[in-house]
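>>> Fold the following, please.
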Amino acid sequence: MVPRVLLGTAQVPGGGELRLLQRGAEFSIMLGANELMNSRLSGSEEALAEQACDRIGARPDVRMLIGGLGMGFTLRAALARLGPDAEVAVAEIVPAVIEWARGPMAALHGDSLTDPRTRIFEGDVAAAITEGDWDAILLDVDNGPDGVSRPGNDRLYGAHGLSLARAALRPGGVLAVWSSAPSKPFVTRLAEAGFAVDEVIARATRKGGARHTIWFATKL
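Predicted structure coming up:
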């Protein structure tokens, strides 16, 4: 069996340590015993972008905000769907994740980081949301509304955070949230915040695998 090799570690603001591991051509990012992402499992992260693009439809000068760079699956899927006049901003709060994307995982990310439509910046997506005028806000910054990687992410999913996200969206804009599991209380909060909610089950790979939940919340 090919052993896993530790390529790097990074502190998560607020506590916790990420570890980047490689086994052959496979990469994984771990937080403690939890595997947050794996380069073989991209299906639901791609669906997050693809279905958000489908919901906002063909409109000029699309502005999309992605919370969390990760392994870049969502970014690459968005760029593949969006036109040449789009802007895709990606907020990543852990600087090392950006460094890994440009270093050991450069081949995985391809030319997505240098695409003229891409804007990568180090920082909290909560601050980027308040820039406003977004057509879509995609959040994949944790394992979902009951996140494990950073307690500060809770404010994104509470009533106040959802209100700010709704205010930052253009008419008909979409807030899309990835989760490893369903959450009825979160669906209720989305509806109370003024969104029409569509809950979708997406598989970890195109052929199957774990079932993940994505909420597509359209601004009413």
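
>>> Any idea how many residues pack against Gly68?
By other Cβ atoms under 10 Å, 25 other residues sit near Gly68. From N, CA and C alone the C-beta is placed, and that goes for glycine too.

>>> Tell me which residues touch it, please.
74, 90-92, 125, 139-141 (Cβ atoms under 8 Å, 6 or more residues apart in numbering).

>>> which of the residues in stretch 43-55 are buried?
Within stretch 43-55, the residues scored as buried using 16 or more other Cβ atoms under 10 Å are 43-53, 55.

>>> Would you format these as TSV with secondary structure and pLDDT included?
As requested, these are exported to TSV (DSSP: H, G, I helix; E, B strand; the rest coil; pLDDT from 0 to 100):
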residue	secondary structure	pLDDT
Gly43	helix	95
Ser44	helix	96
Glu45	helix	96
Glu46	helix	97
Ala47	helix	97
Leu48	helix	97
Ala49	helix	98
Glu50	helix	97
Gln51	helix	97
Ala52	helix	98
Cys53	helix	97
Arg55	helix	96
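
>>> if I look at the residue nearest the centre of the chain, how far off is Glu99?
The residue lying closest to the centre of the chain (Cα atoms, centre = their mean) is Asp140, at 2.8 Å. According to Cβ to Cβ, to the nearest Å, Asp140 and Glu99 sit 19 Å apart.

>>> could you say which helix or strand contains the closest residue to Ala167 other than its chain neighbours?
In space, and not counting its chain neighbours, Ala167 is closest to Gly132: 7.1 Å by Cβ to Cβ, 6 or more residues apart in numbering. Element membership for Gly132, per DSSP states H and E: none, as it lies in no helix or strand.

>>> Lovely, talk soon.
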